[in-house]
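Engineer: sharing a model prediction with you, sequence too.
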Amino acid sequence: MKTIKTPLDLSFSIKVSATDFPKREITGRIVTWNEIGATSAGETKFLADSITFADSTKLLLEHRRESPIGFLKSYTNTPEGIDAVFSIANTNSGSDALVEASSKLRDGFSVGVVAEKYKNVDGVLTISASNLREVSLVTDPAIASARVSIAASENENSESATGATEAETTKPTEGENEMEAVIPTVTEAPADTVEASKVINLGHVPMATTKPRSPIDTHAKYLEHTIRATMNPDSESALWVRAANDSTSTVAGFIPTRQLTEVINGLSSNVRPSIDAISRGALPDAGMTFEIPKITAVPTVAVTAEVASPSETGTTASFVSVSVEKFAGQNTLSVELIDRSSPVFFEELLRLMSSAYAKATNARVNAILVANASIDGTTLSALPTATELNAFTARASASVYANTQRFARNIIMGTSQWANAMALQDTTNRLLYNAGEPSNSSGLANGQSIRGRINTLDLYADASAPAGSDDGSMIVVDPDSYTWYESPTLRLQSNIIASGEIQVMYYGYGACAVKLAAGAFRNNK
């Protein structure tokens, strides 16, 4: 027989089945026999008749022994499980428990038992004998499936056994209304108490209030129920008046203002459209400049007459020199902020700094493309028409091919040009790049993505591009003509001893190589 020393968590569905305000009773099933739950220690279940009742049993609130709300009035042992009736004290916490149970805010049962005999049957921890210590009313966990948790440290002398069959039992208790006199004393459970929390999933029910559904919605009704509550403090009117009095305006100081962990950031993001539109490379491990060989002249071949000398052109090469640039940002923090803030703060700080880094590097690459791209010889309207846009992409593709022997594949658009492209129509008022039926469209450009297609070119919408319709707000590019080299980003922390603050610096190195400047072609407004 193996002794289990680790806590167990398993799932059952046990629910309060009825509440009776006049009688101040709560009824429901506190355990179901032979229902297997998957726990951290494996599958677990209670055999039939495996729980023995003590002489008296209190009903607690969330297993807090200092918070009794009632006592066990009677129970019935059925083939399915144990159904119980609890008499609830005429106290504020007892009244709240009745309201919570009836309104499904807190309608689960949790039994505390001492496991005496158990065994492992085909991988299922099977409890065959235990003593009931207490029952608690617990809150619905608001998860997708019902859950039962058992915190167990079984008796060191546990052994395999079969629980004895117990006949149907009814245990009455006197004095339903005099709770202070009739709630019996229960000794504290020993360390090997098993707490089996039986709750049922009711959806994501927030434990935000314990007020009943009050019929008080006018001054007249408030007066009526106030009078009834004065005449009978145990009536439902008393509960309704109490709920009506406890509003957010009368106890505003006890209503906390919560702050969510999500952070709104509309100033930066980690997208880098201009960098994504060109090729990428690894930055050399040393130096602030590096060179790339570039062919400046190639051999020629021509028609040659018999016995004539062939044409000869020597191959020459030069080097493209690329400067490495540092991109860095800094944030100064107080020691108090570091010591007292939530861990979420550090995650968000790094996320914001990495977004700033992405924004800065992307803007730098876009500026290099604008500065080096060939300029369209044809002046366009500020926001081109469909005809002008088609002609521009055609001229750009031809220019890139003629000057680099390569094909343009991407087009970078600023937000104004992107918006203009989404609205362009043909002569039948059909959207060209945002068509509902794409089989006959000229591409794809919509407001749900920064990627799309414009006349066979891959679209990259970039907020870093020149504003409005300025020159360079549209760039057609061969990605291999420009390459972005980048090192891994680094983070450095350094103390400022004098002020007791901490500096956090986020930085990295990057370089944009202009291999073939004519591999990019921009608009001329």
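Structural biologist: Here it is on my side, so go on. Residues are numbered from 1 along each chain as shown.
Engineer: quickly find the element holding Gln259.
Structural biologist: Assignment of secondary structure by DSSP states H and E places Gln259 within no helix or strand.
Engineer: same check, this time on Ala328
Structural biologist: strand 325-334.
Engineer: past that strand, which element shows up next along the chain?
Structural biologist: Downstream of strand 325-334 (by DSSP H and E), the next one is helix 335-340.
Engineer: so in that sheet, which strands flank the strand holding Ala328, and in what orientation?
Structural biologist: Applying DSSP bridges, strand 325-334 is found paired with strand 501-514 (antiparallel).
Engineer: how about the CA coordinates for the partner strand, as PDB?
Structural biologist: Provided in PDB are the C-alpha atoms of strand 501-514 (Å, rounded to 0.1, in the frame of the first residue of the first chain):
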ATOM      1  CA  GLU A 501      18.300  55.300  -9.700                       C
ATOM      2  CA  ILE A 502      18.800  52.600 -12.400                       C
ATOM      3  CA  GLN A 503      19.400  53.300 -16.100                       C
ATOM      4  CA  VAL A 504      18.200  50.700 -18.500                       C
ATOM      5  CA  MET A 505      19.600  51.100 -22.000                       C
ATOM      6  CA  TYR A 506      18.300  49.100 -25.000                       C
ATOM      7  CA  TYR A 507      20.500  49.200 -28.100                       C
ATOM      8  CA  GLY A 508      21.700  47.300 -31.100                       C
ATOM      9  CA  TYR A 509      23.700  47.900 -34.300                       C
ATOM     10  CA  GLY A 510      22.500  47.900 -37.900                       C
ATOM     11  CA  ALA A 511      23.600  48.900 -41.400                       C
ATOM     12  CA  CYS A 512      21.700  49.300 -44.700                       C
ATOM     13  CA  ALA A 513      23.800  48.500 -47.700                       C
ATOM     14  CA  VAL A 514      22.900  50.200 -51.000                       C
END
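Engineer: a helix runs through Glu116, doesn't it?
Structural biologist: No: secondary structure of Glu116 (DSSP: H, G, I helix; E, B strand; the rest coil): strand, not part of a helix.
Engineer: returning to that earlier point: and the strand holding Ala328, C-alpha only, in CSV?
Structural biologist: Taking C-alpha atoms only, strand 325-334 is exported to CSV below (Å, rounded to 0.1, in the frame of the first residue of the first chain):
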residue,chain,number,x,y,z
GLU,A,325,25.1,52.6,-37.0
LYS,A,326,24.1,52.3,-33.4
PHE,A,327,20.5,52.5,-32.3
ALA,A,328,19.9,53.0,-28.6
GLY,A,329,17.3,54.2,-26.1
GLN,A,330,17.4,54.7,-22.4
ASN,A,331,15.0,54.7,-19.5
THR,A,332,15.8,55.9,-16.0
LEU,A,333,14.0,54.1,-13.1
SER,A,334,13.8,54.8,-9.4
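Engineer: that strand: which residues count as buried?
Structural biologist: The neighbour-count check on strand 325-334 (16 or more other Cβ atoms under 10 Å) flags 327, 333 as buried. Placement of C-beta: from N, CA and C, glycine included.
Engineer: do the same with stretch 79-87
Structural biologist: Quick answer for stretch 79-87 (16+ other Cβ under 10 Å): 81-87.
Engineer: mind putting those in TSV, distance to Arg364 included?
Structural biologist: Below are those laid out as TSV (distance: Cβ to Cβ, whole Å):
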residue	distance to Arg364
Gly81	70
Ile82	72
Asp83	73
Ala84	72
Val85	75
Phe86	71
Ser87	76
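Engineer: go through these and name the one nearest Ala517.
Structural biologist: Gly81 (81.0 Å; Cβ to Cβ).
Engineer: the closest one contacts Arg29, correct?
Structural biologist: Yes: with contact defined as Cβ atoms under 8 Å, Gly81 reaches Arg29; the gap is 5.2 Å.
Engineer: if we can go back for a sec, save the buried residues of stretch 79-87 as JSON lines, and put in secondary structure, pLDDT and distance to Thr218 too.
Structural biologist: Below are these laid out as JSON lines (DSSP: H, G, I helix; E, B strand; the rest coil; pLDDT from 0 to 100; distance: Cβ to Cβ, whole Å):
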{"residue": "Gly81", "secondary structure": "strand", "pLDDT": "87", "distance to Thr218": "45"}
{"residue": "Ile82", "secondary structure": "strand", "pLDDT": "86", "distance to Thr218": "45"}
{"residue": "Asp83", "secondary structure": "strand", "pLDDT": "86", "distance to Thr218": "41"}
{"residue": "Ala84", "secondary structure": "strand", "pLDDT": "87", "distance to Thr218": "40"}
{"residue": "Val85", "secondary structure": "strand", "pLDDT": "88", "distance to Thr218": "37"}
{"residue": "Phe86", "secondary structure": "strand", "pLDDT": "88", "distance to Thr218": "35"}
{"residue": "Ser87", "secondary structure": "strand", "pLDDT": "89", "distance to Thr218": "35"}
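Engineer: so which of these comes closest to Ser311?
Structural biologist: Using Cβ to Cβ, the buried residues of stretch 79-87 come closest to Ser311 at Gly81, 99.7 Å.
Engineer: what does the residue nearest to the closest one when sequence neighbours are not counted show for phi and psi?
Structural biologist: Distances taken as Cβ to Cβ, 6 or more residues apart in numbering place Thr32 nearest to Gly81, at 4.1 Å, with adjacent residues excluded. Dihedral pair for Thr32: phi -120, psi 130, per degrees, to the nearest 10.
Engineer: contact partners of stretch 477-485?
Structural biologist: By Cβ atoms under 8 Å, 6 or more residues apart in numbering, the residues outside stretch 477-485 that reach it are 275, 277-284, 290, 322, 324, 361, 365, 368-369, 372-373, 400, 404, 406-412, 510-521.
Engineer: tabulate the CA atom coordinates of the host helix or strand of Lys119 in PDB.
Structural biologist: Using DSSP H and E, Lys119 falls within strand 108-121. Extracted in PDB, the C-alpha atoms of strand 108-121 (Å, rounded to 0.1, in the frame of the first residue of the first chain):
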ATOM      1  CA  GLY A 108     -20.800  24.700  -4.200                       C
ATOM      2  CA  PHE A 109     -20.200  22.200  -1.400                       C
ATOM      3  CA  SER A 110     -16.800  21.200  -0.100                       C
ATOM      4  CA  VAL A 111     -16.400  18.400   2.400                       C
ATOM      5  CA  GLY A 112     -13.500  18.000   4.700                       C
ATOM      6  CA  VAL A 113     -12.700  14.400   5.600                       C
ATOM      7  CA  VAL A 114      -9.900  12.300   7.200                       C
ATOM      8  CA  ALA A 115      -9.000   9.500   4.800                       C
ATOM      9  CA  GLU A 116      -8.400   6.200   6.700                       C
ATOM     10  CA  LYS A 117      -8.500   3.500   4.000                       C
ATOM     11  CA  TYR A 118      -7.700   3.700   0.300                       C
ATOM     12  CA  LYS A 119      -5.900   1.800  -2.400                       C
ATOM     13  CA  ASN A 120      -4.800   2.100  -6.000                       C
ATOM     14  CA  VAL A 121      -7.200   0.300  -8.300                       C
END
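Engineer: fine by me, we can end here.
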